[in-house]
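Colleague: kindly generate the corresponding structure for this input.
(one chain, ligands or ions: 2)
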Amino acid sequence: MHYFIYHAGELYCEEVPVKKIVEKCGTPLYIYSGKTIRRHFKVFDSVFSEIEHLTCYSVKANSNIGVLALLAREGSGADIVSGGELYRALKAGIPPQKIVFSGVGKTPAEMEAALKAGILMFNVESLEELEVLGEVAKTLKIKAPFAIRANPNVDPKTHPYISTGLSKNKFGIPEEEVIPAYLKAKENPYLLPLGLDAHIGSQLTTISPFIDALRRLKALWEEISSFGFELKYFDIGGGLGIVYDQEEPPLPEEYSSAILKELKGLPITLLLEPGRLIVGNAGILVTKVLYTKANREKKFVIVDAAMNDLIRPALYQAYHKIVPVEEKEGEEVVVDIVGPICESGDFLAKERKIPQVKRGDLLAVMSAGAYGFVMSSNYNSRPRAAEVLVEGDQFFLVRQRETVEDLISLEAIPPLYL
Ligand SMILES: Cc1ncc(COP(=O)(O)O)c(C=O)c1O
Ligand SMILES: N[C@@H](CCCC[NH3+])C(=O)O
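Modeller: Residues are numbered from 1 along each chain as shown. Ligands and ions are numbered 1, 2, ... in the order given. Here you go, the predicted structure:
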């Protein structure tokens with residue numbers, strides 16, 4: 001369920017015509033629906049209400065501080081993977097005791113910032129990282145609460161670039177090393193074993209890989225308990241997929257009931273790290289048609305958003321539905337929708353059937369709320385897009401459009417060239 005709907009032939013976000021927002025803020029433009037984000041969070045969180053749990057929104061999916069502030073008000077925690085995300089989450093008002101820190105390459109400086117902030121837990125992804133975390137904690141004289149992120153070697157059956165729970169992936173610690181890691185941690189009183197974690201991938205559209213991973217995690221948890229560890233937090237990561245095209249991902253209640261069945265009776269607090277599910281279908285990228293052209297083989301629609309604004313089609317051959325902001329009738333045409341960047345890989349859609357469009361028309365790239373703006377870059381010296389958050393009949397610019405001055409604001413010409 002989302003709030004991007006046509007009224008009288010015009011695409012609206014909640015109660016605001018998309019065209020009206022574009023008139024004020026220009027294109028390319030990300031527009032997020034606050035109502036949709038809130039609804040997704042509430043639905044997801046409520047299907048776990050029968051168990052003690054904490055939903056830690058995965059900040060990487062969309063880290064705009066306005067979006068984070070909305071989620072903070074709903075009681076969300078945060079799953080972070082960098083010092084930058086820690087900074088954003090805290091600034092947005094997410095309490096540190098609701099923050100978990102994942103990622104294979106945490107630096108000592110990032111660990112220090114997180115320890116000083118008093119986060120809930122580090123999800124540790126290697127034995128060396130555990131050792132460094134212990135050293136940093138000892139120096140600061142602050143205990144480091146941690147979980148080991150296990151790599152359960154389960155195939156999530158998603159795009160290979162976004163699978164994370166296979167042995168060939170860089171994430172987590174192999175199952176056989178998990179118990180030794182907790183035992184080793186006993187040597188340092190500044191390491192506080194608090195949980196167990198796994199996250200096997202993103203955009204999963206079936207339940208079975210989640211359950212396979214959960215069972216392995218549960219077996220590990222039981223074995224660890226037999227060594228006298230009382231691990232309170234059982235973190236099963238994120239990864240539940242959404243509908244971009246024809247996918248049929250499990251409903252949140254199907255996902256939760258399968259999980260809750262497995263966890264019945266365990267004295268744990270469940271941690272969840274959904275990202276895409278909360279924001280993916282709560283955002284669109286609006287772009288303007290710059291030119292159309294055709295050759296003997298193809299028709300092209302050249303728009304003002306490019307792979308630097310939304311890299312998912314280029315990187316994963318991901319499908320995003322693209323619709324005109326003003327509904328059109330009449331014949332449809334098959335086109336490649338491409339951006340201005342000097343790469344043949346710069347496309348938003350290939351061989352796509354859309355209504356005939358012309359210069360100046362607006363198109364909405366749907367399901368762009370997750371891994372959209374956050375993965376954008378300045379490639380080809382393109383200032384990054386603006387972001388707008390809609391609430392009912394109001395809209396707020398939550399990130400200004402970059403300017404050409406911004407592009408070079410951190411750069412310098414060596415004095416000898418002046
Ligand atoms: C550790 C961790 N947790 C949570 C997520 C969120 O995943 P998703 O956006 O698929 O829910 C990711 C990204 O895949 C992740 O790496
Ligand atoms: N960036 C990916 C998801 C990666 C998830 C991060 N672990 C996407 O757009 O689908």
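Colleague: isn't Val132 up against Met111?
Modeller: Yes: judged on Cβ atoms under 8 Å, Val132 makes contact with Met111 at a distance of 7.1 Å. All C-beta spots, glycine's among them, are computed from the backbone N, C-alpha and C.
Colleague: between those two, tell me which one has more neighbours.
Modeller: More crowded of Val132 and Met111, by other Cβ atoms under 10 Å: Met111, with 23 against 16.
Colleague: what sits up against the helix or strand harbouring that one?
Modeller: Per DSSP states H and E: Met111 is located in helix 108-117. Helix 108-117 is touched from outside by 82-83, 86-87, 90, 96, 99, 101, 106, 122, 132-133, 135-137, 140, 142, 144, with contacts defined as Cβ atoms under 8 Å, 6 or more residues apart in numbering.
Colleague: out of these, which are inside strands?
Modeller: Among these, the ones falling in strands (DSSP state E) are 99, 101, 122, 144.
Colleague: pretty sure the third one is touching Pro145, no?
Modeller: Looking back up the chat, that one is Phe122. Yes: look at Phe122 against Pro145 with Cβ under 8 Å: they come within range, at 7.0 Å.
Colleague: could you look up the SS state of Lys293?
Modeller: Classification of Lys293 by DSSP: H, G, I helix; E, B strand; the rest coil places it in strand.
Colleague: the closest residue to it other than its chain neighbours: how many residues sit nearby?
Modeller: In this structure, Lys293 finds its nearest non-sequential neighbour in Phe300, 5.2 Å apart by Cβ to Cβ, 6 or more residues apart in numbering. Number of residues near Phe300 (other Cβ under 10 Å) recorded here: 15.
Colleague: you'd agree Phe300 is up against Leu290?
Modeller: No: taking contacts as Cβ under 8 Å, Phe300 lies outside contact range of Leu290: 10.5 Å.
Colleague: thinking again about what came up before, tell me which of Phe122 and Pro145 has more neighbours.
Modeller: Shown here are Phe122 and Pro145; by other Cβ under 10 Å, Phe122 has more neighbours (31 against 21).
Colleague: for the more buried one, give me the pLDDT.
Modeller: Looking at Phe122, its pLDDT stands at 98.
Colleague: also His2?
Modeller: 67.
Colleague: with adjacent residues omitted, what lies nearest to Ala368?
Modeller: Among residues not flanking Ala368 along the chain, Leu285 sits closest, at 4.2 Å (Cβ to Cβ, 6+ apart).
Colleague: now the one you found: which helix or strand?
Modeller: Counting by DSSP H and E, the element that carries Leu285 is strand 283-294.
Colleague: partner strands of that strand and their direction?
Modeller: The pairing partners recorded for strand 283-294 under DSSP bridges are strand 29-33 (antiparallel), strand 299-303 (antiparallel), strand 362-365 (antiparallel).
Colleague: mark which of the contacts of helix 108-117 are buried, thanks.
Modeller: 82-83, 86, 90, 96, 99, 101, 106, 122, 132-133, 135-137, 142, 144 (16 or more other Cβ atoms under 10 Å).
Colleague: filter the contacts of helix 108-117 down to the ones close to ligand 1.
Modeller: Among those, not one lies near ligand 1 by Cβ under 6 Å from any ligand atom.
Colleague: is it fair to say Leu11 lies in a helix?
Modeller: No: counting by three-state DSSP, Leu11 is located in no helix; its state is strand.
Colleague: so it touches Pro17, yeah?
Modeller: Yes: between Leu11 and Pro17 there is a contact at 7.4 Å, judged by Cβ under 8 Å.
Colleague: name the residue in those two with the higher neighbour count.
Modeller: Neighbour count, other Cβ under 10 Å: between Leu11 and Pro17, Leu11 has more, with 23 against 16.
Colleague: for the chain, what lies in contact range of ligand 2?
Modeller: 60, 162, 202-203, 312, 371.
Colleague: can you tell me which residues contact the single nearest residue of the chain relative to ligand 2?
Modeller: Closest approach between the chain and ligand 2, counting by Cβ to the nearest ligand atom: Tyr371, at 3.0 Å. By Cβ under 8 Å, 6+ apart, the contact list for Tyr371 reads 60-62, 276, 280, 312.
Colleague: need phi/psi at it.
Modeller: Main-chain dihedrals, Tyr371, degrees, to the nearest 10: phi 60, psi 40.
Colleague: any idea how far it is from ligand 1?
Modeller: According to Cβ to the nearest ligand atom, to the nearest Å, Tyr371 stands 7 Å off from ligand 1.
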